[in-house]
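**Student:** Got a predicted structure here, sequence first:
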2 protein chains.
Amino acid sequence: MKRHTRNAIKSKQEIIQKSAAVFNIHGYSGAKMQMIIDATGYQKGGIYCHFQSKEELAKEAFLYNVKQLKLMYFDGIELSDSPTHKIRRFKRNYQSFLRSPTIRGGCPLLNTSIEFDDTNPEFKLYVVDALNDILTLFSSIFKEGQKSGEFKNDFNPKEEVNYMLATMEGAIMLGQIKQNSKLVLKISDRMFKNIGLTLGIDL
Amino acid sequence: MKRHTRNAIKSKQEIIQKSAAVFNIHGYSGAKMQMIIDATGYQKGGIYCHFQSKEELAKEAFLYNVKQLKLMYFDGIELSDSPTHKIRRFKRNYQSFLRSPTIRGGCPLLNTSIEFDDTNPEFKLYVVDALNDILTLFSSIFKEGQKSGEFKNDFNPKEEVNYMLATMEGAIMLGQIKQNSKLVLKISDRMFKNIGLTLGIDL
């Protein structure tokens, strides 16, 4: 019985993980059941054994994609106590992602924002939650730097993070559609330089 | 015969115009035929009388949406010979759009970029063309200002426009999903101030 449950959890995780790219590439409406079957190797019946609906799987796949994004953005950030080093480490993580995206289909926050902003109020809430979560994580680093005196005090951390996130997402959009990672790196260099000036550090 | 042709052109235009918002809101895959029928008041047969496929109508609707976007962005810009006034006028146009969007469903360039970057190479080309067209229009204003001596000479117009467009698109995305036009206005103020510094003008 225990083994059965363990296997069920493992299968569920496998379906989420293997269908995550399908949803991120094709959109949650554009992802057809056959694509999910092909990507996961599970039949329709097997998939619906673990998820009540395609919507439920889509939500889990979205949360999985966001988790990967956060792991990538914040990778190694906890290794330092210095907010300056944290931001520099984040810049490195983000620019590595621009050079060779580890999440297929671009940024899941951007993709789902565009798909659901006008059409699916429930899913929209998951997107807003995930966005707010990332905004809060960045804001806390900016606030930490202001408190410790490493950063200037004359800027609003929340506004700075919104500006950073908007430029990052727009840059990913341009890079994806123009298939030009150099262009995106230049945009992000421009943005980080600007943020460095606001924070009072060299970025 | 002439009246018949005139009527046919008028009907075709009406279908494009009335279905444009449906495609921009729901995406080109998400826009179902019934939604197009409801929005246009034409039956399926009537629609296919003017367009060979949903794809063809989607393309025309996209081009219509981009035309509206360009009309809005560049409205009144030709009234001045001064590149400084042109950029200030554009800032006004863009921020009016953020306050009360005249194109339902957000920016058609952003929406179609996200939908087609990985999935539809043909449609992707239309998006890249439209983006390049807008990038060129802005670049020419920046170059004009450098030539006339109104703007500084130590920046790359194309790179500056890419940065501007990325931040604009990301700001629209955040505003749409968070339903917060104030936040987006702040991001765009931050961006225009920064561009003003690069150009050497007050924005």
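**Tutor:** Sure thing, it's come through.
**Student:** Every contact and neighbour count from this point should use C-alpha atoms.
**Tutor:** OK.
**Student:** Tell me who's in contact with residue A:114.
**Tutor:** Residue A:114 is in contact with B:110, B:111, B:114, B:173, B:177, counting by C-alpha atoms under 8 Å, 6 or more residues apart in numbering or on different chains.
**Student:** which strands and helices sit next to the lengthiest helix in chain A?
**Tutor:** Ranked by number of residues, the top helix in chain A under DSSP state H is helix A:121-148. In terms of contacts (3 or more C-alpha pairs under 8 Å, 6 or more residues apart in numbering or on different chains; DSSP states H and E), helix A:121-148 is packed against helix A:54-73, helix A:83-99, helix A:108-116, helix A:157-178, helix B:157-178.
**Student:** switch the cut-off to 10 Å
**Tutor:** helix A:54-73, helix A:83-99, helix A:108-116, helix A:157-178, helix A:181-199, helix B:157-178 (3 or more C-alpha pairs under 10 Å, 6 or more residues apart in numbering or on different chains; DSSP states H and E).
**Student:** where does chain A have low pLDDT?
**Tutor:** Residue ranges of chain A with pLDDT under 70: A:1-4.
**Student:** Tell me which residue is most central in it.
**Tutor:** Nearest residue to the geometric centre of chain A (C-alpha atoms, centre = their mean): residue A:69, 3.6 Å.
**Student:** wait, it sits on residue A:105?
**Tutor:** No. Contact criterion C-alpha atoms under 10 Å: residue A:69 and residue A:105 do not qualify, at 12.0 Å.
**Student:** hmm, back to that, name the nearest of the contacts of residue A:114 relative to residue B:203.
**Tutor:** Set against residue B:203, the nearest of those by C-alpha to C-alpha is residue B:173 (22.8 Å).
**Student:** Roughly how far does that closest one sit from residue B:179?
**Tutor:** Going from residue B:173 to residue B:179 by C-alpha to C-alpha, to the nearest Å gives 10 Å.
**Student:** With residue A:189 instead?
**Tutor:** Residue A:189 is 29 Å from residue B:179, by C-alpha to C-alpha.
**Student:** can you check residue A:146 too?
**Tutor:** Look at residue A:146 and residue B:179: by C-alpha to C-alpha, they are 29 Å apart.
**Student:** In terms of neighbours, single out the busier of those two.
**Tutor:** The neighbour count for residue A:146 versus residue B:179, taken as other C-alpha atoms under 10 Å in any protein chain shown, is higher for residue A:146 (18 against 13).
**Student:** Once you drop chain neighbours, what's closest to that one?
**Tutor:** Closest residue to residue A:146 apart from its sequence neighbours, by C-alpha to C-alpha, 6 or more residues apart in numbering or on different chains: residue A:153 at 5.6 Å.
**Student:** burial measure for the closest residue to residue A:74 other than its chain neighbours, as a count.
**Tutor:** Distances taken as C-alpha to C-alpha, 6+ apart put residue A:90 closest to residue A:74, at 6.3 Å, once the chain neighbours are dropped. Applying other C-alpha under 10 Å, we find 19 residues neighbouring residue A:90.
**Student:** Check residue A:141 too.
**Tutor:** When neighbours are defined as other C-alpha under 10 Å, residue A:141 has 17 of them.
**Student:** quick one: contacts for it?
**Tutor:** Counting by C-alpha atoms under 10 Å, 6 or more residues apart in numbering or on different chains, residue A:141 touches A:82, A:83, A:84, A:86, A:87, A:147, A:157.
**Student:** redo that, cut-off 6 Å
**Tutor:** The neighbours of residue A:141, taking C-alpha atoms under 6 Å, 6 or more residues apart in numbering or on different chains as the test, are residue A:83.
**Student:** how close does residue A:66 get to chain B?
**Tutor:** Using C-alpha to the nearest C-alpha, to the nearest Å, we find residue A:66 at a distance of 16 Å from chain B.
**Student:** which one is that residue nearest to, not counting chain neighbours?
**Tutor:** residue A:108 (6.4 Å).
**Student:** what residues does chain A put near chain B?
**Tutor:** Residues of chain A lying close to chain B (C-alpha under 6 Å from any C-alpha of the partner chain) are A:113, A:117, A:163, A:166, A:167, A:169, A:170, A:171, A:177, A:187.
**Student:** OK, contacts around the fifth one?
**Tutor:** I take that to be residue A:167. B:166, B:167, B:170.
**Student:** Closest one of those residues to residue B:198?
**Tutor:** residue B:167 (15.3 Å).
**Student:** What's the local residue count around the residue nearest to residue A:66?
**Tutor:** Residue A:108 has 27 nearby residues by other C-alpha under 10 Å.
**Student:** Equivalent analysis for residue A:120, please.
**Tutor:** Neighbour count of residue A:120, defined by other C-alpha under 10 Å: 11.
**Student:** Look up phi and psi at it.
**Tutor:** When quoted as degrees, to the nearest 10, the phi and psi of residue A:120 stand at phi -140, psi 90.
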